[in-house]
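A.B. asks: generate coordinates for the sequence data below:
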Amino acid sequence: MSGITSHVLDTARGRPAAGLGLGLHRRGEDGGWIDLGSGPTDADGRRTVLAAVDGVVPAGVYRLVFDVGAWFAVQDTRAFYPEVAITFEIRDGTEHHHVPLLLSPFGYSTYRGS
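C.D. replies: All right, here's what the predicted structure looks like:
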């Protein structure tokens, strides 16, 4: 499977971050960001259809922006970060690129998943 996917886990509560909005962007030739789409995570905290054209993601620099401030507000939880932006580079668009986010009100981490 190729493409870009994400999974968000609320590590403070020990459960998926369902309904968290995120957007995917690709850096254009002019250095600006091209919006490729957005939407909420599902009940399992996943967003599985983010980008793939005929099973291949064009090489380039991408950015996932997670609207964590709005999500924490719905949870009635004060948080430090209004959004989390993760910028990464794809060199081989035939590979699958999974970008998880481990989230708490005052911190986060990410990594390239499988």
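A.B. asks: now stretch 10-27: buried residues?
C.D. replies: 10, 16, 17, 20, 21, 22, 23, 24, 25, 26 (16 or more other Cβ atoms under 10 Å). (Glycine included, C-beta is placed from N, CA and C.)
A.B. asks: dump that stretch to CSV, restricted to CA.
C.D. replies: Extracted C-alpha coordinates of stretch 10-27, given in CSV (Å, rounded to 0.1, in the frame of the first residue of the first chain):
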residue,chain,number,x,y,z
ASP,A,10,-4.2,11.0,23.1
THR,A,11,-1.5,9.7,25.4
ALA,A,12,-2.9,11.6,28.5
ARG,A,13,-6.2,9.7,28.2
GLY,A,14,-4.8,6.5,26.7
ARG,A,15,-7.2,6.5,23.7
PRO,A,16,-7.5,7.5,20.1
ALA,A,17,-8.1,11.2,19.3
ALA,A,18,-11.3,10.7,17.4
GLY,A,19,-12.7,13.7,15.4
LEU,A,20,-9.4,15.6,15.4
GLY,A,21,-9.1,17.8,12.2
LEU,A,22,-6.0,17.6,10.1
GLY,A,23,-5.0,18.9,6.7
LEU,A,24,-2.3,17.8,4.2
HIS,A,25,-0.3,20.2,2.1
ARG,A,26,2.5,19.8,-0.5
ARG,A,27,5.2,22.5,-1.0
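A.B. asks: ok, so of the buried residues of stretch 10-27, who is nearest residue 109?
C.D. replies: residue 10 (12.8 Å; Cβ to Cβ).
A.B. asks: in the protein, what helix or strand scores lowest on average pLDDT?
C.D. replies: Sorting the helices and strands of the chain by mean pLDDT, DSSP states H and E puts strand 46-51 at the bottom, at a mean of 79.
A.B. asks: which parts of this structure are strands?
C.D. replies: Using DSSP state E, the strands found in the chain span residues 3-10, 15-16, 21-27, 33-40, 46-51, 60-66, 84-90, 96-98, 101-104, 107-110.
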